[in-house]
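Q: Give the three-dimensional model of this entry:
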Amino acid sequence: MFEFWQREIIKFVVMALIALLIAAIEGIVPSLVFLCLVLLIGNLFHLSSLRRLTRWLLRADGALVPEVSGSWEQMSAAMYRMVRGTQKSQDRLNLVLDRFQQAAAAMPDGFIILDEQGSIDWCNPTAERHFGLALEQDRGTDISYLVRRPDFAAYLSSQNYSEPLTMRGTRSQNTVLAIQLVPYGNEQKLIMSRDITQWDKAETARRDFVANVSHEMRTPITVLSGFLETLSDMKKIDANLLHRSIDLMRSETTRMHHLVEDLLTLSQLESGPRLLDLSTVNVVDLVRDLEQEANQLSLGKHQISGEIRIHTQLRASLNELRSAFGNLVSNAVRYTPAGGKIVLTWANQGDLPAFAVTDTGPGIAGEHIARLTERFYRVDRSRSRESGGTGLGLAIVKHILNRHQAQLDITSELGKGSRFAAIFPAERVVVAEPDHASAESAMR
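A: Model (predicted):
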């Protein structure tokens, strides 16, 4: 840059000396004419170079700098280096922004950036789903105009963002969002949203579970304490009352014992990943054993039969299958009125093996079927109490079948009965020829 000014000064001195020389020889007028011509030519040259550089700067399309000479050459080179540096910086910023947007788009949480006026400056796709936004259309729109909820508006205006806001039903009645607002920069704000629907359901289930367990335990404890208090206050104990009290207390303690066992079983199944104690399970023998247990539980009140249509064996946990199948069988016995029929079936359903229990009980309305495997869910609480069920049987069945990659298929019709089927995947099948004992057992 110093050489540029040096050359310009030398040119100026040379032109001045030439003008003085002309003035000394020819006079002042020719000297002035010479200076005017030199200045005109120089200005035209500078204007031409300036025009080409200006057009190049305004295009900003990355084209090479125009060729100029003289005093503009170094300046154009410096300008080119400056523009290239700016472009590289811009490219780096664009790359960082693209990476940020890609990372934000992959985040499971929603992010909305608001400007000083509370209008949307940017949001990621998750936030678009959470709030029903469209960035291209809603950019620059006030967020409170798009999310019209009193609780959200109050949260924005409260200026207290230490605790998140829980919003229910933003897109549908089943969606729950946790909203957190973080101020930053020059009165800008970042809104973060997280879908906590599953966590909310789990928390609700936990509260319901505690309440249900407390309720289920309270009844037998109340019965026991009531009879014990009555008997302790009696000066002379009536033998009939004593026997009746003992029978009822035994019944309640048995019911409480079953409840605790089911709770422990369910706790073990839900405690996390646990290896299955796998073996080759002869389902035919298992079904025959369950048929005998069902007859013992029924005490001759029902017509119970077993149907063996396949001899497929399973790679599974014998104890867990016995528990799951046993729950299905005991439920059928409990809820089927005396004189009804119960059929235990081991057969193919489609191309997959399935253990099914079919009864002629009262049936279940369609709106209840989806919730039958929930803990303590009962279609008829009074009937369940009379039957002695704990309300955990089908929840245990569901967990065991999930551990075996199997499915529980429930079909029922009011007044006609129900069918509960455990359908096993092909990878659980052990291909084997039926032995003579199994064939003989199937013929009985």
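Q: tally of neighbours for residue 227?
A: Neighbour count of residue 227, defined by other CB atoms under 10 Å: 18. Using the backbone N, CA and C atoms, a C-beta is placed for each residue, glycine as well.
Q: With residue 306 instead?
A: 20.
Q: Equivalent analysis for residue 66, please.
A: With other CB under 10 Å as criterion, residue 66 counts 14.
Q: Roughly how far does residue 335 sit from residue 420?
A: In this view, residue 335 and residue 420 are 11 Å apart by CB to CB, to the nearest Å.
Q: My error: substitute residue 105 in the last question.
A: Residue 105 is 44 Å from residue 420, by CB to CB.
Q: more neighbours, those two?
A: The neighbour count for residue 105 versus residue 420, taken as other CB under 10 Å, is higher for residue 420 (23 against 11).
Q: mind checking pLDDT for that one?
A: Residue 420 carries a pLDDT score of 95 in this model.
Q: packing partners for the helix or strand where it lies?
A: Element membership for residue 420 (DSSP states H and E) is strand 417-423. In this structure, strand 417-423 makes packing contacts with helix 318-335, strand 352-359, strand 407-413, judged by 3 or more CB pairs under 8 Å, 6 or more residues apart in numbering; DSSP states H and E.
Q: so can I have a markdown table of those showing distance to residue 59, mean neighbour count and mean pLDDT?
A: Listed next are the helices and strands packed on strand 417-423 as a markdown table, based on distance: least, CB to CB, whole Å; neighbours: other CB atoms under 10 Å; pLDDT from 0 to 100:
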| stretch | distance to residue 59 | mean neighbour count | mean pLDDT |
| --- | --- | --- | --- |
| helix 318-335 | 75 | 21 | 90 |
| strand 352-359 | 69 | 21 | 95 |
| strand 407-413 | 66 | 16 | 92 |
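Q: Export these as TSV, with columns for distance to residue 180.
A: Formatted as TSV, the helices and strands packed on strand 417-423 follow (distance: least, CB to CB, whole Å):
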stretch	distance to residue 180
helix 318-335	43
strand 352-359	47
strand 407-413	39
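Q: which stretch among those comes nearest residue 140?
A: strand 407-413 (49.8 Å; CB to CB).
Q: What segments of the stretch 151-300 of the chain are strands?
A: Under the criterion DSSP state E, counting those that start in this stretch, strands of the stretch 151-300 of the chain are mapped to 165-168, 176-184, 188-195, 279-281.
Q: So the chain: which segments form each domain?
A: 2-100, 107-195, 199-270, 279-443 (automatic domain parsing).
Q: hey, which of the ones you listed is tucked in deepest?
A: Of all the domains of the chain, domain 279-443 carries the top mean neighbour count, a mean of 17, counting by mean count of other CB atoms under 10 Å.
Q: quick revisit: now for the helices and strands packed on strand 417-423, which one comes closest to residue 20?
A: Across those, closest to residue 20 is strand 407-413 (CB to CB), at 107.9 Å.
Q: Show the pLDDT at residue 285.
A: pLDDT, residue 285: 94.
Q: With residue 272 instead?
A: 61.
Q: and what of residue 64?
A: 67.
Q: now do residue 165
A: 91.
Q: One more: the one 5 residues further on?
A: The predicted local distance difference test score for residue 170 is 63.
Q: and if you look at residue 137?
A: pLDDT, residue 137: 91.
Q: so which strand or helix has it?
A: Counting by DSSP H and E, residue 137 is found in helix 135-138.
Q: same deal with residue 301?
A: Per DSSP H and E, there is no helix or strand for residue 301.
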